[in-house]
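**Student:** Sequence first, predicted coordinates after that:
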Amino acid sequence: MNQKKKTAVLGLVFILLLVFAYTENSTFFNSVGNIFLNPLLAVLFIFVHNVLVVSLILLGMTFYVGLVVNFMQNRKEEYVILQNPRIFALVFTVIIIFISILRASMLVYGEVMIETMFFVFLLSTPNTVIEGYGIFKTIEKTLKQKMTTKSLTWIYLIFLVAAIIEVVYMYLLTNIS
């Protein structure tokens, strides 16, 4: 199969996985309260959720690289992201983290409350740094076309550590309250 066909198939798989991710995301956020009753299940559930998210980012970035390289060879504008992967990875990571924190705030309070946003940002900082680093490395390595199985294994391990810290953190917060 030539590279253009591979890119087209990758795009179709990406669209199908977006639909799957939407379903998984809805299930995750509807059952997150019950999941925390069992710590091991909570770690597993959060880890799988984060792996799906980062895998979807990886697939989307891989599709973008294939689209630019195989379909837009003569256009310089599209290569700006490929030529500056660290800057794009940083900006994209910040956007993802910010949206995730807003989503978590919506789950806790039912709405985004400006008065508590500083507290939410402060509480989520340790986990945000770990997950943000994993997202950043995923995007950067994919855009540089240097993603390897070893790199992906380390990225998934980062998210396993983040899931463990998140569950421990939630248990500490509930026991202090």
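**Tutor:** Received it, and whenever you're ready, just let me know what you need.
**Student:** got a list of what the nearest residue to Glu166 once chain neighbours are set aside touches?
**Tutor:** Distance criterion Cβ to Cβ, 6 or more residues apart in numbering; nearest residue to Glu166, sequence neighbours excluded, is Asn127 at 5.2 Å. Every C-beta, even on glycine, is put in place using the N, C-alpha and C of the backbone. Applying Cβ atoms under 8 Å, 6 or more residues apart in numbering, we find Asn127 in contact with 162, 165-166, 169.
**Student:** What subset of those is buried?
**Tutor:** 162, 165-166 (16 or more other Cβ atoms under 10 Å).
**Student:** Now intersect those residues with the helices, please.
**Tutor:** Judged by DSSP state H, the buried ones among the contacts of Asn127 include 162, 165-166 as members of helices.
**Student:** and which of the residues you listed is nearest Val54?
**Tutor:** Closest to Val54 out of these is Ala162 (10.3 Å), distances taken as Cβ to Cβ.
**Student:** Can you say which helix or strand has Phe88 in it?
**Tutor:** Assessed by DSSP states H and E, Phe88 sits inside helix 85-109.
**Student:** and that helix, what other elements does it pack with?
**Tutor:** helix 3-35, helix 117-143 (3 or more Cβ pairs under 8 Å, 6 or more residues apart in numbering; DSSP states H and E).
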